[in-house]
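Engineer: Based on what follows, work out the 3D shape:
(4 chains)
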Protein chains: 2
Amino acid sequence: MARRQRRIPGPLDLRAQAILRAVIEEYVSTATPVGSQALVERYSLGVSSATVRNILAELETAGLLTHPHTSAGRIPTDAGYRFYVESIVETVPLPAVEQLMIRHQFGQVEFASEHWFRLAATTLASVTRAAGIATPAKPRSAHIRRLDIVAINDRLASLILVLREGAVKQALVTLDAPTDQAALSAVAGLLNDRVAGMTATQAAGALARIDEAAPNGALARRIGDRIARTLMEYDASAIEEVFSDGLLNVMGAPEFADSDKLRRVFSALENRAYLGELVVSVAGSGRVQVFIGQENQPVEMREVSLVLAPYGRPGRAIGVVGVLGPTRMSYPQAIGTVRFVSGLMNELVDHLYA
Amino acid sequence: MARRQRRIPGPLDLRAQAILRAVIEEYVSTATPVGSQALVERYSLGVSSATVRNILAELETAGLLTHPHTSAGRIPTDAGYRFYVESIVETVPLPAVEQLMIRHQFGQVEFASEHWFRLAATTLASVTRAAGIATPAKPRSAHIRRLDIVAINDRLASLILVLREGAVKQALVTLDAPTDQAALSAVAGLLNDRVAGMTATQAAGALARIDEAAPNGALARRIGDRIARTLMEYDASAIEEVFSDGLLNVMGAPEFADSDKLRRVFSALENRAYLGELVVSVAGSGRVQVFIGQENQPVEMREVSLVLAPYGRPGRAIGVVGVLGPTRMSYPQAIGTVRFVSGLMNELVDHLYA
DNA sequence: GTTAGCACTCTGGCACGGAGAGTGCTAACC
DNA sequence: GGTTAGCACTCTCCGTGCCAGAGTGCTAAC
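Structural biologist: Sure, this is the predicted structure:
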């Protein structure tokens, strides 16, 4: 059987594919190594366990399955899952009933766009029984739609920036001299005229041309600086926030009975650099992406899988929604669900920009 | 030794207190049951192990220590920790060096008040090596300082409410008829005059008196309703958000090697009702509160302890900062740190309201 | 009241052994 | 040639027994 040796999974005959599929699906649902016996009993393969054993051995030399030890059943390798996802199984769209239910839930929170991405994570978590993750849609470079300045006391003001992309940013500004709300409103009016519709760099340019000698000029300058800095900082961060829900689902999986594994995954999730990079790459791809076990860069993530999809408008704001689960997860379902939710988020964003 | 039987820990002689203290401090640092031998070796008690054993037995009948099994050392009970915290140990103020370091960190984020409470949690986590938790300061009933309306498209507007307490709330409003920014600004001006400085209920009253027949009256009415609802919803939630950091520290403790315990604690932390109640009670108390193991209402929290303190201004906004750790934690240090951080937060809030 | 001494108890680790599961191989079969 | 029955073999898992070690509680002496 080691006759047709192959390193990369080549064209597998249909029967082998069916058996690989059966092993994966059985393992996904039972979490225990799958033996030849169990396969012939539970799947109508039309062959005996001995034949199945031969094929299992083949799949193992092809690198798609392994053995925890000699007398145990087979479990899929990461490559096995990958092959399964790419070549064997067609992704199942989310059942219409669930689609309707989710749409209904999103209807409930109606127009509180800042909560959509949280709801997306929660929904993904409950449908897939894994952890749902989501980031708010964030533009590569934000545009100021409008700014407002509110006095807090005579030396302190709150700067409120409404972005074209829907987000609101807030910052405090200390003032050199006692200033009342009237002066602040005047400056707000002035600056609004100057910077509305601009990005951080454009605004910085426009603000540099403010005449400090003009009435309220120094104040406008000071506040202008704060605006530019706030926007720059916002643009500089790849992700604003990563919201996750249902981590408890993942914690419940038998592969995480050892709390050390959990620790590793959690610590990877606290690593904003990694997540930011991931989000950027997924956002760039424009479609559902699957990262299985070893395919994840950080070692701590090598025992889990991610199914991620971007949402939003490429030119404008982009965010990511997805699912995190053990490598032993139902990929077709996860992919279908993530695809649906990202589509739904797209609709919502479109509605906002229409 | 069962002569002076007592249910509630009565006045313990000084030597017994010293031994209880030694047991607790030894157990806190080693996480293994403490035997009489170890005590005489590591603490200069001036008596033999036999005497120590007698006293340990006394402490056990007093309910302050237990035995995992006959031939094991002693571990403190929750009552033991409670007695230790209340009667034996004086809380240690945070070392000046660390105080300075923390002040410095808070200086770095300068005036982004929305981030203070996150930083507080992060700081508490890193200093105490447990999990830090914090909520933003939230008023019992919010006051509108100012409102602003920004058109998103001709049927959709973003409502921005700046609260006296510093927070900014955002909501979307769908419009019955196509409306431009000019009309929205006019309505914003009108409503600002009407509701500035009001609470939700006051605003609802004032808004009810808007004449729908007046120019822009219907629009003002619609937006007014949205304002009232947004404020009501904000007031209704006991807590806005609970931010936690350093949960990894807690996960690392040996008592959580079993991932099921972790699961329980996490699920309790997802229970907003419980947290809300807790925050309210701590906020009401006005001082550092310690909840040890069994003293926590939810069963899932019976294996951890909380050290919490309120911050903010009683009449206005109040939040909570604190630490969550295993019952086997260094209470004096935790209390000292929490006290310092809540004091620091008070200073910051005062500065904002001054 | 304190202490030395000692019997007693319980855990944790380790070796052993049998049951069970599943494999790989061989030889027969269609 | 592919398929299958049969079987020896391997490895885990689990329960049992055993031993060393830690620590207690008690007693009797100081």
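Engineer: what's the burial count for residue A:272?
Structural biologist: Around residue A:272 there are 13 other residues, counting by other Cβ atoms under 10 Å in any protein chain shown. Glycine gets a C-beta too; all of them are placed from N, C-alpha and C.
Engineer: And for it, nearest residue in space, chain neighbours not counted?
Structural biologist: What sits nearest to residue A:272 in space, not counting adjacent residues and going by Cβ to Cβ, 6 or more residues apart in numbering or on different chains, is residue A:239, at 7.0 Å.
Engineer: The one you found is in contact with residue A:140, isn't it?
Structural biologist: No: using Cβ atoms under 8 Å, residue A:239 is not in contact with residue A:140, being 11.9 Å away.
Engineer: So for those two, which sits in the more crowded spot?
Structural biologist: residue A:239 (19 against 14).
Engineer: Which residue ranges of the stretch 151-300 of chain A form strands?
Structural biologist: Along the stretch 151-300 of chain A, the segments classed as strands by DSSP state E, counting those that start in this stretch run A:156-163, A:168-174, A:243-245, A:289-292.
Engineer: hang on, I meant the stretch 1-150 of chain A
Structural biologist: Applying DSSP E, counting those that start in this stretch to the stretch 1-150 of chain A gives strands spanning A:65-66, A:75-76, A:131-134, A:138-139, A:144-153.
Engineer: And those: which comes nearest chain B?
Structural biologist: Evaluated over the strands of the stretch 1-150 of chain A, closeness to chain B peaks at strand A:144-153, with 5.0 Å, by Cβ to the nearest Cβ.
Engineer: so what strands line up beside the closest one?
Structural biologist: Under the criterion DSSP bridges, strand A:144-153 sits next to strand A:156-163 (antiparallel) in its sheet.
Engineer: ok now the partner strand, how far from the chain's centre?
Structural biologist: 29 Å (Cα atoms, centre = their mean, to the nearest Å).
Engineer: Let's test this: mean pLDDT of it, rounded?
Structural biologist: Strand A:156-163 comes out with an average pLDDT of 88.
Engineer: again, but for stretch A:173-186
Structural biologist: The predicted model assigns stretch A:173-186 a mean pLDDT of 89.
Engineer: Quickly check: it near chain B or not.
Structural biologist: Yes: contact of stretch A:173-186 with chain B (Cβ under 8 Å from any Cβ of the partner chain) involves A:173-174.
Engineer: Can you list the residue ranges for helices in the stretch 151-300 of chain A?
Structural biologist: For the stretch 151-300 of chain A, the helices defined by DSSP state H, counting those that start in this stretch occupy A:181-195, A:200-208, A:217-236, A:247-252, A:259-269, A:272-285.
Engineer: Quick one, which of the ones you listed gets closest to DNA strand C.
Structural biologist: In terms of Cβ to the nearest atom of the strand, the element of these nearest to DNA strand C is helix A:259-269, at 16.6 Å.
Engineer: what sits up against the closest one?
Structural biologist: Under the criterion Cβ atoms under 8 Å, 6 or more residues apart in numbering or on different chains, residues A:242, A:244, A:247, A:250-251, A:255-256, A:274-275, A:298-301, A:303-304, A:324, B:247-248, B:251-252, B:256-259, B:262 lie in contact with helix A:259-269.
Engineer: Whichever of those residues end up buried, select them in ChimeraX.
Structural biologist: Here is the ChimeraX command that picks out the buried ones among the contacts of helix A:259-269, judged by 16 or more other Cβ atoms under 10 Å in any protein chain shown:
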select /A:242,244,247,250,251,256,274,275,298,300,301,303,304,324 /B:247,248,251,256,259,262
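Engineer: Centroid-wise, who is the farthest residue in chain A?
Structural biologist: Outermost residue of chain A with respect to the C-alpha centroid, by Cα atoms, centre = their mean, is residue A:213; its distance is 48.6 Å.
Engineer: if we can go back for a sec, export the helices of the stretch 151-300 of chain A as JSON lines, with columns for distance to residue B:199.
Structural biologist: Output for these, formatted as JSON lines (distance: least, Cβ to Cβ, whole Å):
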{"stretch": "helix A:181-195", "distance to residue B:199": "20"}
{"stretch": "helix A:200-208", "distance to residue B:199": "36"}
{"stretch": "helix A:217-236", "distance to residue B:199": "29"}
{"stretch": "helix A:247-252", "distance to residue B:199": "37"}
{"stretch": "helix A:259-269", "distance to residue B:199": "39"}
{"stretch": "helix A:272-285", "distance to residue B:199": "38"}
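Engineer: any idea how far the residue in the stretch 1-150 of chain A that DNA strand C sits nearest to lies from residue A:60?
Structural biologist: In the stretch 1-150 of chain A, the residue that lies nearest DNA strand C is residue A:35 (2.9 Å; Cβ to the nearest atom of the strand). Distance, residue A:35 to residue A:60, using Cβ to Cβ, to the nearest Å: 13 Å.
Engineer: neighbour-wise, which of these two wins?
Structural biologist: Just comparing residue A:35 and residue A:60: by other Cβ under 10 Å the higher neighbour count belongs to residue A:35, 19 against 16.
Engineer: OK, contacts around the more buried one?
Structural biologist: By Cβ under 8 Å, 6+ apart, residue A:35 lies in contact with A:72-74.
Engineer: where does chain A dip in pLDDT?
Structural biologist: For chain A, residues meeting the criterion pLDDT under 70 lie at A:1-11, A:110-113, A:354.
Engineer: Quick check: residues of chain A near chain B?
Structural biologist: By Cβ under 8 Å from any Cβ, the residues of chain A that approach chain B are A:110-114, A:145-146, A:148, A:150, A:152-153, A:156, A:158, A:160, A:162, A:166, A:168, A:170-174, A:247-248, A:251-252, A:256-260, A:262-263, A:266-267, A:270, A:351-354.
Engineer: and these, which are buried?
Structural biologist: Buried residues within those, counting neighbours by 16+ other Cβ under 10 Å: A:111, A:113, A:145-146, A:148, A:150, A:152, A:156, A:158, A:160, A:162, A:166, A:168, A:170-173, A:247-248, A:251, A:256, A:259, A:262-263, A:266, A:352.
Engineer: Could you list which of those residues also contact DNA strand D?
Structural biologist: The subset of those within reach of DNA strand D, by Cβ under 7 Å from any atom of the strand, is empty.
Engineer: centre of the chain versus the top helix by length along chain A, how much separation?
Structural biologist: The helix that spans the most residues within chain A, counting by DSSP state H, is helix A:331-353. Offset of helix A:331-353 from its chain centre (Cα atoms, centre = their mean): 12 Å.
Engineer: and if you look at stretch A:197-214?
Structural biologist: Taking Cα atoms, centre = their mean, one finds the center of stretch A:197-214 at 35 Å from the center of the full chain.
Engineer: ok, and what's touching that stretch?
Structural biologist: A:141-145, A:164, A:191, A:194-195, A:217-218, A:220-221, A:224-225, A:227-228, A:231-232, A:234-235.
Engineer: Now the terminal residues of it, how far apart.
Structural biologist: End-to-end distance for stretch A:197-214, by Cα to Cα, to the nearest Å: 24 Å.
Engineer: try stretch A:235-243
Structural biologist: This stretch, stretch A:235-243, spans 19 Å end to end (Cα to Cα).
Engineer: One more: stretch A:40-56?
Structural biologist: Terminal residues of stretch A:40-56 are spaced 12 Å apart (Cα to Cα).
Engineer: Mind listing what's buried along it?
Structural biologist: A:40, A:43, A:45, A:52-53, A:55-56.
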